[in-house]
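> Compute the structure for the input listed below.
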Amino acid sequence: MSATADRLRDPQQRQERATRILDTAAELLVRYGYRRVTIDDVAAGAGIGKGTIYLHWKSREALFTAVFEREVLQAIGELRQALRQDPQLSLLHRFARTYFLAILHRPLLRGFVLGDPDLLGKLAQPRDDRHRLISHSYFQLLAEHRLLRDDLDLDAIAYAFQATFEGFLQAEAAATAPTPASQAATGLDQRADLLAQTVQRAFESGHTIARHAQQSLATAVIDLLSDLVDADRADLGISQA
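Here you go, the predicted model:
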C-alpha cells in the first residue's frame, strides 16, 4: 500500500484533513457567500486536490451542509458552556435569549440563517429529526418541573415556541441598516431581551423551583445537548472544534 493511501486511511489524519477542509470552506463562505464558492476554491484554499474533498463529502451541498452543522454545533457548545456557569439559563426564556445571541454572534451562521430561507431548509434537513427529539425531551423536562403553562398541549407549546424563535431570527434580516458596532450590539441585546420577555409571557407558568432542582434541571439539559453534539460530531467525522 502506498504512503498516500496509508495517509488517507489513517483516522487521525483523515479527521485533521476534514477539519482543515471545513475551516477553509467556512472562511470562503464568510468572504464570498454560498453562491460563489466552488469545490475548486475550497481545494485550492486547503492545499489539496479536488478529489480529496470528495473522499469526505460526495457533493458541494454535502460539504456546505457539514460547514453549517459544525457552526450549529459550536453555537450549541456556547450554550452548553453558559449553562454550566449559570443553571438558570435552562429556563425557556433565558435559554432562548442565550441561543439567539449565540447564533447571531457567529457571522457565518448568521449568514446561513438570514440570507436564504430555502437554502437553510436544505442545509438543516439531515439532522432535523435528531434535533427535534432533543427539543421534545427538553420541553418534557420543563413540564416535569412545572415551568410551562398547563393549559396548552406540550407539542403545541413546542411548535409555538419554535415559530416564535425562528420569527425573531428572520426579523433580523430586516435589521440591516448600517450602524456603529456599539449601537448594533446594543440593539441586538435589546431584541434578545424582547425575545426572552415574549417567550416568558407566552409559554412559562411563573412557577419557581428550588436551587437544587434548578441545578438538576440544568444538568439534565446539558446532558441532552452533549448527546446531541456527540452524535452530530460523529456523523460529521470531525473532532471537537
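> Leaving out chain neighbours, which residue sits closest to the most centrally placed residue in the chain?
The structure's the chain has its C-alpha centroid closest to Val72; by C-alpha atoms, centre = their mean the separation is 2.3 Å. Nearest residue to Val72 in three dimensions, chain neighbours excluded: Leu109, at 6.8 Å (C-beta to C-beta, 6 or more residues apart in numbering). Placement of C-beta: from N, CA and C, glycine included.
> Count the neighbours of the one you found for me.
For Leu109, the tally of surrounding residues (other C-beta atoms under 10 Å) stands at 20.
> what about it, which SS state?
Reducing the assignment at Leu109 to three states with DSSP: H, G, I helix; E, B strand; the rest coil gives helix.
> By mean pLDDT, point me to the weakest helix or strand of this protein.
Counting by mean pLDDT, DSSP states H and E, the weakest-scoring helix or strand in the chain turns out to be helix 3-9, with a mean of 51.
> neighbours around Arg35, how many?
Neighbours of Arg35 using other C-beta under 10 Å come to 9.
> For my notes, confirm it occurs in a strand.
No. Using three-state DSSP, the secondary structure at Arg35 is coil, not a strand.
> can you tell me how far it sits from Gly111?
11 Å (C-beta to C-beta, to the nearest Å).
> Would you check how far apart the residue nearest to the centre of the chain and Asp41 are?
Taking C-beta to C-beta as the measure, Val72 and Asp41 are separated by 23 Å.
> Tell me the buried residues in the helix or strand hosting the residue nearest to the centre of the chain?
Assessed by DSSP states H and E, Val72 sits inside helix 60-85. Buried positions in helix 60-85, judged by neighbour count with 16 or more other C-beta atoms under 10 Å: 60, 63-80, 82-83.
> And stretch 220-234, by the same measure?
Applying a neighbour-count criterion of 16+ other C-beta under 10 Å, one finds Ala220, Val221, Ile222, Leu224, Leu225, Leu228, Val229, Asp232, Arg233 buried in stretch 220-234.
> Now the strand or helix carrying the fourth one: average pLDDT?
Think Leu224. Applying DSSP H and E as the criterion places Leu224 in helix 211-236. Taken as a whole, helix 211-236 has an average pLDDT of 90.
> just the angle between that helix and helix 60-85, please?
With axes from the mean of the first three to the mean of the last three C-alpha atoms, to 10 degrees as the criterion, the two stretches helix 211-236 and helix 60-85 enclose an angle of 160 degrees.
> And the chain, what are its domain boundaries?
In the assignment given by automatic domain parsing, the structural domains of the chain cover 1-56, 69-236.
> Tell me how far the first one lies from the chain's centre.
Which is domain 1-56. Relative to the chain's own centre, domain 1-56 is displaced by 22 Å; criterion: C-alpha atoms, centre = their mean, to the nearest Å.
> what do you get for the longest one?
Its chain's C-alpha centre lies 9 Å from the corresponding centre of domain 69-236 when counted by C-alpha atoms, centre = their mean.
> Quick one: end-to-end distance for that domain.
One end of domain 69-236 to the other measures 8 Å (C-alpha to C-alpha, to the nearest Å).
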